[in-house]
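[1] Just the structure for this:
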Amino acid sequence: MSAVLVTGGAGYTGGHLCRSLVQRGGKVRTLVLPGTDTGALRALGVEIVVGDLTRKETLRPAVLGVDVVYHIAAVYREQNVPRRVFWDVNVTGTRNLLESAEDAGVKRFVHCSTVGVQGDIRNPPATEEAPYAPGDYYQESKMEGELLALKFHAERKLPVVVFRPVGIYGPGDTRFLKLFRNVARPMIGSGNVLYHLTYIDDLVEGIRLAGETSGIEGEIITLAGPRYTTLNELYAAIAEALGTRPSRIHLPVLPFLLAGAACETACRPFRISPPIYRRRMDFFVKDRAFDISKARRILGYDPRVDLKEGLAKTAAWYQEKGLIG
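    Down below sits the predicted model:
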């Protein structure tokens, strides 16, 4: 198996990808920021390179002798950082890594984007050809990073493949913990909007295939679970996994949008994160459903963890860790 670099190996998706590649006999290296806890990665036998995407001179040791780069590292929207930081890491940092990979002669550069670059899906389920419509700084920066990677392929012949994951969940991740905790409380909005998740094991397999399948350079591929649901159906499935019932009460969206705008305005001068903000309402009002037939066709991607099974495993982990009573 090829020598590979995984950026962001200390993160949730990057860590699972490192583990999967090691288990398949790969020689795996990861790039991590200074001060990162790398004990678990070292125990797996992953080679650690300390560096920073925003400092190009630190990237050469990471890409040297590598056949495939899996670029997973990014600044995410949950991290509450200024707009400039999104661009520094997700755009300029991506450029630095692309240039370093090109100089090192890597054979495949697999770039992690996000379905968020397509924003609100007007005609679900969306294919990869649906137009760009980012809705916030994070999504805008990821769009720019994706376009940059594709430009390197088109103009400089760097063998790039872009994948766009949907909402990622599974044991070990806490991004959807609040949803699990609130499932028995009143829902904001009608609950009829669509949402799509992907279980971490399925996603990692799709990423691996994007790095190893021949003849797909220049492609954009959506990776998602086998099915999407309405929020009402998702809440019901989570409640079932937790052994409870979802609330039947639905609250109007408008008061929360107004409250979010007011909180954002009040908190901005103090540079603090508002307790409620308008972007959070996107979850309740915007469709997020995607067509994965392209991934099935060109990768042989076959997500095997059904939503109910994945939610049950995630709920069990939350309960085991005492995160949910």
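[2] Pull the contacting residues for the closest residue to residue 286 other than its chain neighbours.
    Spatial nearest neighbour of residue 286, chain neighbours left out: residue 120 (4.2 Å); criterion: C-beta to C-beta, 6 or more residues apart in numbering. Heads up, the C-betas are built off the backbone N, CA and C, glycines and all. The contact partners of residue 120, by C-beta atoms under 8 Å, 6 or more residues apart in numbering, come to 133, 135, 282, 286-287.
[3] where exactly do the strands run in this structure?
    3-7, 27-32, 47-50, 68-71, 108-112, 160-165, 167-169, 187-188, 194-199, 220-223, 228-230, 250-251 (DSSP state E).
[4] circling back: looking at the contacts of residue 120, which is nearest residue 201?
    residue 287 (25.6 Å; C-beta to C-beta).
[5] Give me the neighbour count for that closest one.
    Residues lying near residue 287 (other C-beta atoms under 10 Å) number 19.
[6] Quick check: the gap between it and residue 36.
    Distance, residue 287 to residue 36, by C-beta to C-beta, to the nearest Å: 36 Å.
[7] which regions of the stretch 1-150 of the chain sit below the pLDDT cut-off?
    1, 78-80 (pLDDT under 70).
[8] Now do the helices in it.
    12-23, 39-44, 60-63, 83-87, 94-104, 137-156 (DSSP state H, counting those that start in this stretch).
[9] can you tell which of those is closest to residue 183?
    helix 12-23 (21.4 Å).
[10] Counting by contacts, list what that closest one packs against.
    Judged by 3 or more C-beta pairs under 8 Å, 6 or more residues apart in numbering; DSSP states H and E, the packing partners of helix 12-23 are strand 3-7, strand 27-32, helix 39-44, helix 200-212.
[11] That helix to strand 160-165, inter-axis angle?
    120 degrees (axes from the mean of the first three to the mean of the last three C-alpha atoms, to 10 degrees).
[12] let's number from 819 now, not from 1
    Sure thing, new numbering starts at 819, so read that last one as helix 830-841.
[13] Kindly calculate the angle that helix 830-841 makes with helix 1018-1030.
    Using the same axes, to 10 degrees: helix 830-841 against helix 1018-1030 is 70 degrees.
[14] Can you give me the buried ones in helix 830-841?
    Within helix 830-841, the residues that qualify as buried are 830-840, counting by 16 or more other C-beta atoms under 10 Å.
[15] Next: stretch 849-860.
    849-850, 854, 856, 859.
[16] Span of it from start to end?
    12 Å (C-alpha to C-alpha, to the nearest Å).
[17] swap in stretch 969-980?
    11 Å.
[18] rewinding a little: tell me which of the buried residues of helix 830-841 is nearest to residue 864?
    Nearest to residue 864 among the buried residues of helix 830-841, with distances taken as C-beta to C-beta, is residue 836, at 5.2 Å.
[19] contacting residues around that closest one?
    824, 827, 846, 848, 859, 862, 864.
[20] For those residues, pick the one with the most neighbours.
    residue 824 (33 neighbours).
[21] so that one touches residue 890, yeah?
    Yes - if you go by C-beta atoms under 8 Å, residue 824 and residue 890 touch, sitting 6.1 Å apart.
[22] correct me, but residue 1133 touches residue 997?
    No - using C-beta under 8 Å, residue 1133 makes no contact with residue 997, being 10.9 Å away.
[23] higher neighbour count, these two?
    For the pair residue 1133 and residue 997, the greater number of neighbours falls to residue 1133 (22 against 16), based on other C-beta under 10 Å.
[24] Excluding chain neighbours, what is closest to the more buried one?
    residue 1059 (4.0 Å).
[25] Distance-wise, check that neighbour relative to residue 1131.
    9 Å.
[26] hang on, the earlier thing: who wins on neighbours among the contacts of residue 938?
    Top of the contacts of residue 938 by neighbour number is residue 1105, holding 19 neighbours under the definition other C-beta under 10 Å.
[27] which residues sit in contact with that residue?
    938-940, 942, 1011-1012.
[28] separation between it and residue 1065?
    Taken as C-beta to C-beta, the span from residue 1105 to residue 1065 is 22 Å.
[29] try residue 934
    27 Å.
[30] quick revisit: Serialize the buried residues of helix 830-841 to TSV and add fields for distance to residue 911.
    Below are the buried residues of helix 830-841 laid out as TSV (distance: C-beta to C-beta, whole Å):
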residue	distance to residue 911
830	19
831	17
832	14
833	19
834	21
835	18
836	19
837	24
838	24
839	22
840	25
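[31] So residue 991 sits against residue 1018, correct?
    Yes - judged on C-beta under 8 Å, residue 991 makes contact with residue 1018 at a distance of 6.9 Å.
[32] which residues does residue 1109 contact?
    943-945, 1040.
[33] ok, now residue 1127?
    With C-beta under 8 Å, 6+ apart as the criterion, no residue contacts residue 1127.
[34] now swap in residue 928 and tell me
    886-889, 978-981, 1025, 1028-1029 are the contacts of residue 928 under C-beta under 8 Å, 6+ apart.
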